[in-house]
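[1] Provided below are the primary sequence and the corresponding predicted coordinates.
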Amino acid sequence: MDIHAVATLADVSIATVSRTINHIPTVNPHMAKRVWEAVRELNYFPNTQARGLVSGHSRLLGLIVSEITNPFFPELIHGFEDTAVENGYEVLVSSTSYDPDRMSVCIRRMLERQADGVAVMTFGIEEPLLKQLAERNIPLVFVDIGPERPGISVLKVNYHHGIRQGVQHLAALGHRDIAFVTGHCGYTLPVLA
């Protein structure tokens, strides 16, 4: 099934089908209705990769996490995907498993698929690899730890507030012996100069 079949069934040009599917407001409403009816009848799905080649935007966001099986990540991934889908994006999720070679594969996948932006939720960042994304002006978002430079956003976690809420909750439940366990505190921020 292709755009030609939709155009034939709707009795419009291929350009009209393309403009309708891309929600261009100048399409005659009567013609657009015929196009959408043909799309439904033929169960047609546009080729998003072809659309990306024409527009220069893949409508794909990359998400790199350290370890996909870590219980910390599923809720974050779910929220990221919900927001992406609401805004017309697909998500490509990659897990580094704390392996620099695998991180290289993750970056390569983002570049090959021409991700419009990449969110990085890893620790122990491989600077030279992420520099490949930054050099291509692909917007990057880091969670909590990341370099501060143009084109890169860092979402900071307010640990003080979170810890306070956790302790208050435990105290309200009557707990008095409360311990705090932390991971490695020696992370360094990448430079990506």
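    Structure received.
[2] rest of the way, CA atoms for contacts and neighbours
    Noted.
[3] settle this for me: His137 is touching Pro150, isn't it.
    Actually, residue 137 is Asn. It isn't His. No - shown here, Asn137 and Pro150 do not form a contact pair, counting by CA atoms under 8 Å, at 9.5 Å.
[4] tell me which of the two has more neighbours.
    Asn137 (14 against 10; other CA atoms under 10 Å).
[5] residues contacting the nearest residue to that one once chain neighbours are set aside?
    If you skip the residues right next to it in sequence, Asn137 has Gly151 as its closest partner in space, 7.1 Å away by CA to CA, 6 or more residues apart in numbering. Counting by CA atoms under 8 Å, 6 or more residues apart in numbering, Gly151 touches Ala134, Asn137, Ile138, Pro139, Leu140.
[6] now the residues you listed in a markdown table, with distance to Leu92, secondary structure and pLDDT?
    Below are the contacts of Gly151 laid out as a markdown table (distance: CA to CA, whole Å; DSSP: H, G, I helix; E, B strand; the rest coil; pLDDT from 0 to 100):
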| residue | distance to Leu92 | secondary structure | pLDDT |
| --- | --- | --- | --- |
| Ala134 | 18 | helix | 76 |
| Asn137 | 18 | coil | 83 |
| Ile138 | 15 | coil | 85 |
| Pro139 | 15 | coil | 86 |
| Leu140 | 14 | strand | 85 |
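[7] cheers, nothing more for now.
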